[in-house]
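Enquirer: next comes the sequence, and after it the predicted model I'd like to discuss.
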Amino acid sequence: MASFAGASRMSVRLVARRVAQDASRGFRSSAAPMAAHNFTMPALSPTMTEGNIASWKIKEGDSFSAGDVLLEIETDKASMDVEAQDDGILMKIIQGDGTKSIQVGSRIGVLAEAGDDISSLELPADEAKASKPEPKKEEAAAPPVSGQAPAAASGKRQPNKSGKKAEPQKYPLYPSVAHLIKENGLDDAAVSEMTPTGPQGRLLKGDVLAYLGSISEKRPAEIKARFDHNSHLDLSNIKIAAPKEAPAAKKSGAAPSAPVVEDLIVSTPISFHKVVEVQKRIEETIGTFLPLSTFITRATEMANDELPLASNYKPTADELFNQVLGLDKVNPTTSRGYYMPQVAALPTPSLMGVAPKPARSPAAKVDLIDFLAPTPKKTKPVTSQQTTAGVTVSGLNVFSLAVPAAEKKRADAFLQRVKMLLEADPGRLVL
């Protein structure tokens with residue numbers, strides 16, 4: 001937002017007039033009416049020379065407070081709002097909405113102080129057209145407003161001319177510096193006599209005030225010296241530490257080895273009972289036998305899709321931003337796994353520490369004819385625990401993975417998916 005430079009400049013003049021009126025009340029028969037002050041087109045950038053009034057945001061007679069937007073100004077680069085720095089009243093609009101090519105410093109309105117009766121105020125003359133009058137004695141005696149530099153025309157202080165020519169400014173003047181120079185009526189010759197103390201030889205507001213005599217001539221140089229001193233680290237007292245000695249080797253002479261992180265074994269039992277039934281149905285229907293490896297490979301491939309992330313996963317910047325917004329709860333981040341389980345047959349229930357008890361059959365009566373007859377050869381029946389290449393065909397099998405501790409939850413999710421695919425509906429694995 002642009003600064004309200006015109007109001008602050010005229011506030012000094014208004015205070016001086018009020019003090020002069022208070023001082024002269026004892027010599028006049030009636031109090032003189034207070035004068036309003038002009039509001040000129042502000043310079044919104046160091047290179048701005050003219051602007052257009054897009055629209056006024058308040059009307060004539062309206063009061064405003066500090067921070068309120070008074071009007072919108074357009075330049076060839078942008079549109080900006082002009083805010084009020086103090087409370088006041090818009091007494092008169094000189095340049096209305098849509099006025100084009102208004103020179104910087106030209107009067108565009110008239111402002112009054114907050115609480116003034118604008119019906120008793122006089123319209124000031126247009127300073128851009130009329131020549132500046134000589135300062136009155138009572139105005140010269142008026143004290144300056146706190147925080148404002150006294151005008152050069154007041155005659156209270158003369159510029160401190162060193163006689164040395166400073167180097168030309170390589171960069172545009174700061175807005176505060178350009179405003180102070182313009183307010184005091186200084187020309188380029190005066191600017192060339194000022195000693196810049198800013199970075200890269202730039203002119204600061206303190207340099208202008210020192211030139212005008214408002215502050216000590218040595219003050220800008222003292223501030224610059226302090227900043228230059230604090231901007232560098234004092235390394236004079238820093239000493240280089242002696243290198244640390246290598247730790248003594250163990251008595252055995254063996255070099256210490258890095259700790260080995262052992263992987264966790266994650267496992268779950270899975271039954272192939274449903275898989276065998278699907279095998280039989282496919283063979284009876286189309287005459288094709290599908291081995292168990294086909295079902296296991298397909299279940300492994302499907303279970304590796306969209307697995308949860310490991311606990312040591314480092315999210316990207318986009319993922320961290322989604323966590324702040326809570327989007328990670330809606331669409332959790334997943335990744336594809338590359339697990340290949342080890343399958344081993346689970347032995348008889350004795351693996352669980354319980355030996356099966358043989359069933360007792362009632363004693364059969366021995367027939368004499370059966371006793372004398374030759375004993376027929378008995379064929380060994382195929383049990384449900386028959387194994388093929390270390391895999392129980394229709395019993396329980398152990399699927400296991402060796403993973404780091406950070407991937408335990410991820411590996412458990414994978415094995416549970418494999419278990420669900422092989423035990424619940426293995427038929428969809430070959431569709």
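Expert: Done, it's in.
Enquirer: which stretches of the stretch 301-431 of the chain form helices?
Expert: Under the criterion DSSP state H, counting those that start in this stretch, the stretch 301-431 of the chain contains helices at 317-325, 327-330, 368-372, 408-423.
Enquirer: worst mean pLDDT among these?
Expert: For the helices of the stretch 301-431 of the chain, mean pLDDT drops lowest on helix 368-372, to a mean of 56.
Enquirer: just the helices in the stretch 101-250 of the chain please.
Expert: Going by DSSP H, counting those that start in this stretch, the stretch 101-250 of the chain shows helices at 137-141, 175-183, 188-192, 205-212, 219-230.
Enquirer: angle of the fourth one against helix 175-183?
Expert: Meaning helix 205-212. Per axes from the mean of the first three to the mean of the last three CA atoms, to 10 degrees, the angle that helix 205-212 makes with helix 175-183 is 20 degrees.
Enquirer: returning to what we had before: which of the helices of the stretch 301-431 of the chain sits most buried?
Expert: Sort these by mean neighbour count, taking mean count of other CB atoms under 10 Å, and helix 408-423 sits at the top with a mean of 19. Every C-beta, even on glycine, is put in place using the N, C-alpha and C of the backbone.
Enquirer: tell me what that one is packed against?
Expert: strand 264-271, helix 273-286, helix 292-303, strand 307-308, strand 396-403 (3 or more CB pairs under 8 Å, 6 or more residues apart in numbering; DSSP states H and E).
Enquirer: for the helices of the stretch 301-431 of the chain, give me a markdown table that also has distance to Leu186.
Expert: Converted to a markdown table, the helices of the stretch 301-431 of the chain look like this (distance: least, CB to CB, whole Å):
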| stretch | distance to Leu186 |
| --- | --- |
| helix 317-325 | 51 |
| helix 327-330 | 58 |
| helix 368-372 | 137 |
| helix 408-423 | 73 |
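Enquirer: Ile89: which of those is closest?
Expert: Between Ile89 and the helices of the stretch 301-431 of the chain, the shortest gap by CB to CB is with helix 317-325, which sits at 46.9 Å.
Enquirer: alpha carbons of the closest one, as CSV, please.
Expert: In CSV, the C-alpha atoms belonging to helix 317-325 read as follows (Å, rounded to 0.1, in the frame of the first residue of the first chain):
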residue,chain,number,x,y,z
ALA,A,317,7.5,-32.1,0.8
ASP,A,318,4.2,-32.7,-0.9
GLU,A,319,3.3,-35.5,1.4
LEU,A,320,4.2,-33.4,4.5
PHE,A,321,1.9,-30.6,3.2
ASN,A,322,-0.9,-33.2,2.7
GLN,A,323,-0.4,-34.3,6.3
VAL,A,324,-0.9,-30.7,7.5
LEU,A,325,-4.1,-30.5,5.5
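Enquirer: mind listing residues that contact that helix?
Expert: Pro315, Asp328, Asn331, Thr333 (CB atoms under 8 Å, 6 or more residues apart in numbering).
Enquirer: which among those end up buried?
Expert: Thr333 (16 or more other CB atoms under 10 Å).
Enquirer: for Ala114, state which of the contacts of helix 317-325 is nearest.
Expert: Asp328 (53.3 Å).
Enquirer: isn't Leu123 right up against Ile94?
Expert: No - at 9.5 Å, Leu123 does not count as touching Ile94 under the criterion of CB atoms under 8 Å.
Enquirer: compare those two (neighbour count), which wins?
Expert: Ile94 (16 against 12; other CB atoms under 10 Å).
Enquirer: got a list of what that one touches?
Expert: Residues counted as contacts of Ile94 (CB under 8 Å, 6+ apart) are Arg107, Ile108, Gly109, Val110.
Enquirer: go again with 6 Å.
Expert: Arg107, Ile108, Gly109 (CB atoms under 6 Å, 6 or more residues apart in numbering).
Enquirer: pLDDT at it, what is it?
Expert: 90.
Enquirer: how about the helices and strands packed on helix 408-423, which one is nearest Asp412?
Expert: Closest to Asp412 of the helices and strands packed on helix 408-423 is strand 264-271 (CB to CB; 5.9 Å).
Enquirer: walk me through the domains of this protein.
Expert: 5-148, 150-230, 264-347+388-429 (automatic domain parsing).
Enquirer: give me the pLDDT value at Gly109.
Expert: 92.
Enquirer: whoops, I mixed them up, Thr348
Expert: So, for Thr348, pLDDT stands at 51.
Enquirer: what's the neighbour count on the nearest residue to Ile296 once chain neighbours are set aside?
Expert: Using CB to CB, 6 or more residues apart in numbering and skipping residues adjacent in sequence, the residue nearest Ile296 is Val343, 6.7 Å away. Val343: 19 surrounding residues under other CB under 10 Å.
Enquirer: and the gap between Lys408 and Ile265?
Expert: 10 Å (CB to CB, to the nearest Å).
Enquirer: run through the stretch 101-250 of the chain and note the low-pLDDT ranges.
Expert: 130-165, 233-235, 248-250 (pLDDT under 70).
Enquirer: and if we set it to 90?
Expert: 103-105, 112-176, 186-203, 205-206, 212-250 (pLDDT under 90).
Enquirer: how about the strands of it, start to end?
Expert: Assigned by DSSP state E, counting those that start in this stretch, the stretch 101-250 of the chain shows strands spanning 102-103, 107-113.
Enquirer: if we can go back for a sec, now for the contacts of helix 317-325, which pair is the farthest apart?
Expert: Pairwise over the contacts of helix 317-325, using CB to CB, the maximum falls at Pro315 and Asn331, 13.4 Å.
Enquirer: if we can go back for a sec, buried deepest among the strands of the stretch 101-250 of the chain, which one?
Expert: Across these, averaging neighbours per residue (mean count of other CB under 10 Å) puts strand 107-113 on top, at a mean of 23.
Enquirer: quick one on the thing from earlier: output the contacts of helix 317-325 as CSV; include the columns distance to Ser65.
Expert: Listed next are those as CSV, based on distance: CB to CB, whole Å:
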residue, distance to Ser65
Pro315, 47
Asp328, 45
Asn331, 48
Thr333, 50
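Enquirer: tell me the predicted confidence for the nearest residue to Asp425 once chain neighbours are set aside.
Expert: Closest residue to Asp425 apart from its sequence neighbours, by CB to CB, 6+ apart: Lys274 at 7.6 Å. On pLDDT, Lys274 comes in at 87.
Enquirer: Glu283 against Leu290, yeah?
Expert: No - if you go by CB atoms under 6 Å, Glu283 and Leu290 don't touch, sitting 8.0 Å apart.
Enquirer: these two: who's more crowded?
Expert: Leu290 (15 against 12).
Enquirer: any idea how far that one lies from Asn38?
Expert: 96 Å.
Enquirer: can you check Val343 too?
Expert: The gap separating Val343 from Asn38 is 93 Å, by CB to CB.
Enquirer: ditto for Asp116
Expert: For Asp116, the distance to Asn38 (CB to CB) stands at 15 Å.
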